[in-house]
Each structure stands twice: as structure tokens, then as C-alpha cells.
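A.B. asks: build me a model:
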Amino acid sequence: MPNTGTTGNISFSRPGLVAITMGCPVGIGPEIILRFLARRKLPDKYLPVVVGDIGVLQRCAKELQVSIEIVAWQPGDQIDVGKIQVLEPGESEGYVLHSAELHWGQPGRETGYAAAAYILEAVRLLGRGELDAMVTCPISKYALQLAGYEFSGHTEMLASLCDTQNYGMMMAGNRLKVSLVTIHTPLATVAEQLNQGEVRRIINLTGATLIKDFGFARPRIAVAGFNPHGGESGLFGEEESKIIGPAVARAFSEKWELAGPLPPDTVFKMALDNRFDAVVAMYHDQGLIPFKLVHFKDGVNFTMGLPIIRTSVDHGTAYDIAGKGLASDSSLEAAFFMAAQIMGNREKS
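C.D. replies: Predicted coordinates:
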């Protein structure tokens, strides 16, 4: 029976195959892939396959003097441990990339189309059970839109490809896990986008994710308020009493412990003190600023609610240092091992 990452129960009749999509070809994706796979000993149970471009990786390896063999791979091929296996999108996808003509840090329509092609190919093979999880390197939203894709990022694109409505973003590390009610929303419009149904949905999705994907028996979830001091009984705002509080009350479950709304300036410290397993934040920077203070080097972006397993580095394309040998692969390493951990947890469930 083929291994599949599309269900909660995974039967490993072969090693689990983790797709690492290369991201933007002129960002730091190629470099961090090379560093990670050339330096890290990986468990035999979970093996990587890069979905990307062989020419770009070979050029990057030569420029940065990374010594590792890079070979083509197709579904059904054996994994040659000690080499980088690369699956290039097929011609039927319309994928064309002239690697010798690319310039580090200069994205365009061609690189945006290539980055999208890697994602499409990985999702297609995940759906067929030929790959089991995916780890994504960073893409350029600008280049993606130049290529004709109107998604604001990976998360929204993957949700569309998987035909998933109930999804969300969680930033995950060993010490802190944060899920977001609103994601890429201008700060000036966050308040008008908050509503009881959406807060409750993210709470429920967070609880289900902590149980299914992270192995918590009865997770403890904190819900952050929106205003200073949690609104101070309405003195500084009423979102807590009119939206967040009622949503928390309706999201109580025997499957998890739930507290909130709690003052945003103290709730993350409480989580770091092991009083909670995750925090539900109301908006992007409320959650990501404390998260990145703790997990700047090893944070992972995990997409909740997808039928496939997807983790990602928690940083961008870093065009200013692309091709210079300065990029760290620590977030990619964390994302790979978190994908493997989630595969194991789903196998047990």
C-alpha cells in the first residue's frame, strides 16, 4: 500500500517522503536546501525530495562550494542517501527556467511561475500518495502575482489547491505556538474583521491541530485580547466583551482547556512559563513579534486544517543576502523535523 500524507492514518510501507519546495529560485531557498541536506544526518524513516530546479541548485552549490551530488528523481525511484534528489516539474506544467540567466535577488515573472510550479507539483504528488508531506522554502508574493497568481501567499494558495475552507496559520516552536485569527490584514482594518464566528473557528482549529498533529492529549489554549489590558472593562475597547469573550465561551470543549481573553502583554509570558500550550492571537504582529523573539532561528510556519502536511520556514526570500553564502538553514531544519514529527503523530492517531 503506498504511503499517503492526505489522511490522518498513515501506513509507512516505505520511508516517508518529504517534499522540500525550492521557493523563489533567486532567493535563499536554494542555499538553505544545500546547507541543510549537505550537513544534516536525517532519519531513515523520513527522507527528503527537493521539488525545484537542478540547474539552480548545481550553480548555487558551485558558487558556494558546497560538495554534494545533485541527481534527478521521479516517483518510484529509490532515494540515494547522501545525494540531493530533485524532482523538476514536468513539461506538461509549462515549467521553463533558464537557470544560467538568473540573477540572485532579482525576481520576475519567470521565477514566480517556477515557484508556483514547484508548489503545484508537490501538491499533485501528495494527492496521489507519492509524497507524504511538504516543507516550503520562501516565495515572492510579488513574483507570484507577476506570474498570474492572485494569492497573497503560500497559505492561501495551498488552501485553494486543497479545496479547504477551514484553515489557518500557526507559528510553531518547542517553547511557543501561536495561531492567528487574522493574517495578512492591514492593522487599521483588523478590528472590523474580528467576529465571534472567526475567533471561535480558529480556537477550535487550534485545539484540533494540537491534538492531531502535535500529540497533546488535552491541550491548554490561551486566547489573547485585542486591546491594551484586555480592554480594561471596556475603557480601552469593547472587542473583548462583545466578540472575543463570547467566542471563547462558545468554544469550550471537553477536548481542551481554554482561557481568555487575556491581556496581550502578559499572555505570551504565561505560555512561555508552560501555563499554556498555544496562544490564539488576534492579528499578525500581535502573535509574530513575541514568537520571533523566542524562535527567530528555529520557528516554523504550519498550515492548520489542510488534508496534507505542510510546514514552512518562517522567514522570507532575503534577496539582500541571496547567493552570498550568509543564509542560515536552521528554520528549514526545524520545518523538516516538525513535518516528520507530524507524520509520526498522524501515523499513531
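
A.B. asks: okay, now the domains of this protein?
C.D. replies: Residue ranges for the domains of the chain, per automatic domain parsing: 16-164+306-348, 169-290.

A.B. asks: quick one: strands adjacent to the host helix or strand of residue 17?
C.D. replies: Using DSSP states H and E, residue 17 sits in strand 16-21. Strand 16-21 sits in its sheet next to strand 46-51 (parallel), strand 133-136 (parallel), going by DSSP bridges.

A.B. asks: give me the element residue 169 is part of.
C.D. replies: Assigned by DSSP H and E, residue 169 falls in strand 168-172.

A.B. asks: in its sheet, what does that strand sit against?
C.D. replies: Strand pairing for strand 168-172, using DSSP bridges, gives strand 177-180 (antiparallel), strand 300-304 (antiparallel).

A.B. asks: the strands in the stretch 151-300 of the chain, which residues?
C.D. replies: Along the stretch 151-300 of the chain, the stretches classed as strands by DSSP state E, counting those that start in this stretch are 168-172, 177-180, 220-224, 257-262, 278-281, 300-304.

A.B. asks: ok, and the closest non-adjacent residue to residue 154?
C.D. replies: Leaving aside its sequence neighbours, residue 154 sits nearest to residue 136 (C-beta to C-beta, 6 or more residues apart in numbering; 5.5 Å). In this view, the C-beta of every residue, glycine as well, is placed from N, C-alpha and C.

A.B. asks: ok, that neighbour touching residue 314?
C.D. replies: No - if you go by C-beta atoms under 8 Å, residue 136 and residue 314 don't touch, sitting 10.8 Å apart.

A.B. asks: ok, those two, which is more surrounded?
C.D. replies: residue 136 (28 against 23; other C-beta atoms under 10 Å).

A.B. asks: which residues touch the more buried one?
C.D. replies: Counting by C-beta atoms under 8 Å, 6 or more residues apart in numbering, residue 136 touches 20-21, 23, 119, 154, 310-313, 335.

A.B. asks: my guess is residue 51 contacts residue 90. True?
C.D. replies: No - Residue 51 is beyond contact range of residue 90, at 11.3 Å (criterion: C-beta under 8 Å).

A.B. asks: shared neighbours, these two?
C.D. replies: Both residue 51 and residue 90 are contacted by residue 121, under the criterion C-beta under 8 Å, 6+ apart.

A.B. asks: more neighbours: which of those two?
C.D. replies: Using other C-beta under 10 Å, the more surrounded residue of residue 51 and residue 90 is residue 51, with 27 against 12.

A.B. asks: can you pull up the bridge partners for the more buried one?
C.D. replies: Taking DSSP bridges as the rule, residue 51 bridges to residue 21, residue 87.

A.B. asks: what's the per-residue pLDDT of it here?
C.D. replies: On the pLDDT scale, residue 51 is placed at 97.

A.B. asks: what's the closest residue to residue 140 other than its chain neighbours in contact with, if anything?
C.D. replies: Excluding the flanking residues, the one nearest residue 140 by C-beta to C-beta, 6+ apart is residue 107, at 4.5 Å. The contact partners of residue 107, taken as C-beta under 8 Å, 6+ apart, are 24, 26-27, 140, 142-143, 146, 317, 319.

A.B. asks: rerun at 10 Å
C.D. replies: By C-beta atoms under 10 Å, 6 or more residues apart in numbering, the residues touching residue 107 are 24-27, 114-115, 139-144, 146-147, 317, 319, 322.

A.B. asks: look up how far residue 316 lies from the closest residue to residue 141 other than its chain neighbours.
C.D. replies: For residue 141, ignoring the flanking residues on the chain, the nearest one in space by C-beta to C-beta, 6+ apart is residue 153 at 5.8 Å. Look at residue 153 and residue 316: by C-beta to C-beta, to the nearest Å, they are 10 Å apart.

A.B. asks: just residue 81 next, same as before
C.D. replies: Going from residue 81 to residue 316 by C-beta to C-beta gives 31 Å.

A.B. asks: can you give me the helices in the stretch 51-200 of the chain?
C.D. replies: With DSSP state H, counting those that start in this stretch as the criterion, the stretch 51-200 of the chain has helices at 54-64, 109-127, 141-146, 154-161, 190-193, 196-212.
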